[in-house]
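Asker: Build me a model from this:
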Amino acid sequence: MRQKTTWIVIGDFFFKYRNKIFPVILIGLFVGFKPTDNSFPGLPAGFNTDWLAIVITASGLACRAIVIGFAYIKRGGLKKQVYAEHLVTTGFFGVCRNPLYIGNMLIYAGVFLMHGNPYVVVFGTASYYIIYESIIAAEEYFLRGEFGDEYAAYCRDVPRWLPKFSRFKHATEGMRFNIRRVIIKDYPTIANAVIALMGLELYEAWYFRTPEQFQQELKTYGVLIVLILIIAALISLAKKRKLLTL
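Answerer: Modelled structure (predicted):
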């Protein structure tokens, strides 16, 4: 097998520790920079970026739902190292080689935009993209070694990032969308994304609203956040007790 380049070694590192590194970057940016009040340089006056952030985040969640609903692959690897038993090329993986990462990038971009500070939006989105690029390099190194010509042919036909939507009908032919799998596999991502948006809205209210307005928003979003946490906990409990299975 070819010797690993520095870029691939970096990708292995981020693959192993991404669940720790991503939250640290996120919290560091949000704490280090003051949020903006529904505005962003270069956009028309009065344009509410919070709604745009919600749309972008929802697009990322929808992307992940389509991927998981048709053909799911475990991205956690084996013992925190890149690993795959099978090469999945159907479903959305027949349209793009890294559709889950596209979904993740859209979610993060929406969350960064909800914060609104230009430094957070640009640096946050760019840093996450660079991290994912290194992780993809590490995954591709493994997949080339594991699946050889089969993976090489897959790379020739399917783009790394930009989806080739003309392939979607063929890639999903004979497959059925499984909404149950989406709920079981992706409920933590959905819950975390929605809670992050609500939390940032409260963070923004703390800076820019009156104490009375902030208290009102705190009550409203507080109830919603607790409700989401309860639903997530119930789904988790149902999975553990085998009441919710594929």
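Asker: what about Lys242, how many neighbours?
Answerer: By other CB atoms under 10 Å, 7 other residues sit near Lys242. Any C-beta I mention is one placed from the backbone N, CA and C, and that applies to glycine too.
Asker: so which strand or helix has it?
Answerer: Lys242 is part of no helix or strand when elements are defined by DSSP states H and E.
Asker: where's the residue nearest the centre of the chain, which helix or strand?
Answerer: Nearest to the geometric centre of the chain sits Asn104, at 1.9 Å (CA atoms, centre = their mean). Assigned by DSSP H and E, Asn104 falls within helix 99-115.
Asker: after that helix, next one along is what?
Answerer: Per DSSP H and E, the first helix or strand lying C-terminal to helix 99-115 is helix 118-157.
Asker: contact partners of the helix or strand following that following helix?
Answerer: Toward the C-terminus, helix 118-157 is succeeded by helix 168-171 as the next helix or strand (DSSP H and E). Contacts to helix 168-171, defined as CB atoms under 8 Å, 6 or more residues apart in numbering, come from residues 89-95.
Asker: Repeat that for stretch 85-102.
Answerer: Residues from elsewhere that reach stretch 85-102, judged by CB under 8 Å, 6+ apart: 60, 63-64, 66-71, 73, 75, 132, 135-136, 143, 146-147, 150-151, 154-155, 158-165, 167-168, 170-172, 175.
Asker: State the number of residues packed around Arg156.
Answerer: Arg156: 7 neighbours (other CB under 10 Å).
Asker: Need the pLDDT of it.
Answerer: On pLDDT, Arg156 comes in at 95.
Asker: Phe142 versus that one, what's the distance?
Answerer: Per CB to CB, to the nearest Å, Arg156 is found 18 Å from Phe142.
Asker: hang on, Lys164 packs against Arg156?
Answerer: No: the pair Lys164 / Arg156 is not scored as a contact, 11.9 Å apart, by CB atoms under 8 Å.
Asker: Apart from its chain neighbours, what residue comes closest to Ser127?
Answerer: Ile25 (6.2 Å; CB to CB, 6 or more residues apart in numbering).
Asker: how many other residues sit next to Asp38?
Answerer: If you look again at residue 38, you'll see it is Asn, not Asp. Per other CB under 10 Å, the neighbour tally for Asn38 reads 18.
Asker: check contacts around it.
Answerer: Residues in contact with Asn38 (CB under 8 Å, 6+ apart) are 48-50, 116, 204.
Asker: Save those residues as TSV, and put in secondary structure too.
Answerer: Formatted as TSV, the contacts of Asn38 follow (DSSP: H, G, I helix; E, B strand; the rest coil):
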residue	secondary structure
Asn48	coil
Thr49	helix
Asp50	helix
Gly116	coil
Glu204	helix
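Asker: Closest one of these to Val194?
Answerer: Using CB to CB, Asp50 comes nearest to Val194 of the contacts of Asn38, at 13.5 Å.
Asker: ok, now how distant is the residue nearest to Ser127 from Phe123?
Answerer: Applying CB to CB, the value for Ile25 to Phe123 is 9 Å.
Asker: Low-confidence regions, this structure specifically.
Answerer: By pLDDT under 70, the low-scoring segments of the chain are 1, 39-47, 75-76.
Asker: Name the residue most distant from the centre of it?
Answerer: Glu212 (34.3 Å).
Asker: secondary structure element for it?
Answerer: Using DSSP H and E, Glu212 falls in helix 211-240.
Asker: Return the set of buried residues in that helix.
Answerer: In terms of neighbour count (16 or more other CB atoms under 10 Å), helix 211-240 has its buried residues at 214, 217, 221, 225, 228, 232, 235, 239.
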